[in-house]
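1. generate coordinates for the sequence data below:
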Amino acid sequence: MSTWKKLQELWQYRELIRNLVIRDLKARYKNSILGIAWSWINPLLMMVVYTLVFNVMAGSSGLANYPAFVLCALLPWNFFATAVARATDSIVESESLVKKVYFPREALPISVVLSNLANFLIALPIFFLLALLMGNPITLWALALPVIILIQLFFTIGVSLITSTLNVFYRDTRHILSVLMLAWMFLTPIFYQITTIPQAYSLWGVELDLQVWLPRLNPMAAIIISYQDALYWGRSIFTTTLLSSALISLVFMVAGYLIFQRYSPRLAEEA
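-> Have a look, this model is predicted:
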């Protein structure tokens, strides 16, 4: 079956994806006293901890309204990290379903990403409330959020399709991923400004501008910087950095889909 027909088939199963998203959201808060409130409480608690560590214990960052700075980056990072981690296990955890019923297997990791996107959108208003309480201005550039979210969604789906495929064949993937995600988080400017890292850094005799190369090599860095620009700084997000990140995200999504389709016939027997 051609890629185009596979995409058409996936569209025909959109109701299944919707039901999987709803199931995932319900399961997340099942038997929880606070329920959906955890979407707000969890990032707020993390924001408090990171503010104490990086803006008090480690010395002042010099940023006004530092909690708002952290939160506008922490929310999209949590969306990405949680979505990839849970999507990685999505095929293996649905082993009985995969082996008994036919449906486009990519519906599983995609539905996990979409359910985490919904959770992210539910949590996003707490940033605006915090910014309002702290007096951090929200400008019209906040209206550009859908552009950044779409770029991040493409990248997250692409990564999730790759890791969910790898995890079926190599169960160590989830363990390696947890270590990589921790390192990835610190290589992404969530707790610090991109301008605080060195511009001139010598690596094996080659001079590198880390402020330029970090967003180029790390698409999530460029995406997080765009969230900070739109929400915290109130300035234009349309930079060459975001454009390159958009292209990389599209490449990841296409590559992830093609890789998933390449190994899809073997997923049922290997899961």
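2. looking at the chain, which helix or strand does the model trust least?
-> Lowest mean confidence among the helices and strands of the chain (mean pLDDT, DSSP states H and E): strand 201-203, at a mean of 71.
3. tally of neighbours for Thr188?
-> Neighbours of Thr188 under the rule other CB atoms under 10 Å: 25. C-beta: built from backbone N, CA, C; applies to glycine.
4. tell me if I'm right that it and Asn218 touch.
-> Yes - Thr188 lies in contact with Asn218 (CB atoms under 8 Å); the separation is 6.3 Å.
5. thinking again about what came up before, and the contacts of the least confident helix or strand of the chain?
-> Residues outside strand 201-203 that contact it (CB atoms under 8 Å, 6 or more residues apart in numbering) are 207-210.
6. again, but for stretch 4-13
-> Residues contacting stretch 4-13 (CB under 8 Å, 6+ apart): 1, 103-104, 106-107, 110, 261.
7. could the contacts of strand 201-203 be laid out in CSV, adding neighbour count, distance to Pro76 and secondary structure?
-> Converted to CSV, these look like this (neighbours: other CB atoms under 10 Å; distance: CB to CB, whole Å; DSSP: H, G, I helix; E, B strand; the rest coil):
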residue, neighbour count, distance to Pro76, secondary structure
Glu207, 9, 32, strand
Leu208, 15, 26, strand
Asp209, 13, 25, coil
Leu210, 15, 22, helix
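8. between these, which is closest to Thr88?
-> Nearest to Thr88, judged by CB to CB, of these is Leu210 at 29.2 Å.
9. which parts of the stretch 101-250 of the chain are helices?
-> Using DSSP state H, counting those that start in this stretch, the helices of the stretch 101-250 of the chain run over 107-123, 125-134, 145-169, 173-186, 210-217, 219-227, 240-270.
10. kindly compare burial across those and name the winner.
-> helix 219-227 (a mean of 25; mean count of other CB atoms under 10 Å).
11. against which helices or strands is that one packed?
-> helix 66-88, helix 145-169, helix 210-217, helix 240-270 (3 or more CB pairs under 8 Å, 6 or more residues apart in numbering; DSSP states H and E).
12. hmm, Leu124 is touching Leu75, no?
-> Yes - counting by CB under 8 Å, Leu75 is a contact partner of Leu124 at 6.1 Å.
13. report the central residue of this protein.
-> With distances taken as CA atoms, centre = their mean, Phe80 lies nearest the centre of the chain, 1.6 Å away.
14. which of the contacts of stretch 4-13 sit farthest apart?
-> Farthest pair in the contacts of stretch 4-13, by CB to CB: Met1 and Ile110, 17.8 Å.
15. which residues touch the closest residue to Ser178 other than its chain neighbours?
-> Distance criterion CB to CB, 6 or more residues apart in numbering; nearest residue to Ser178, sequence neighbours excluded, is Ala85 at 7.2 Å. If a contact means CB under 8 Å, 6+ apart, then Ala85 has 174, 177-178, 181 as its contacts.
16. what's the closest of those residues to Leu161?
-> Ranked by distance to Leu161 (CB to CB), those are led by Leu177 at 13.7 Å.
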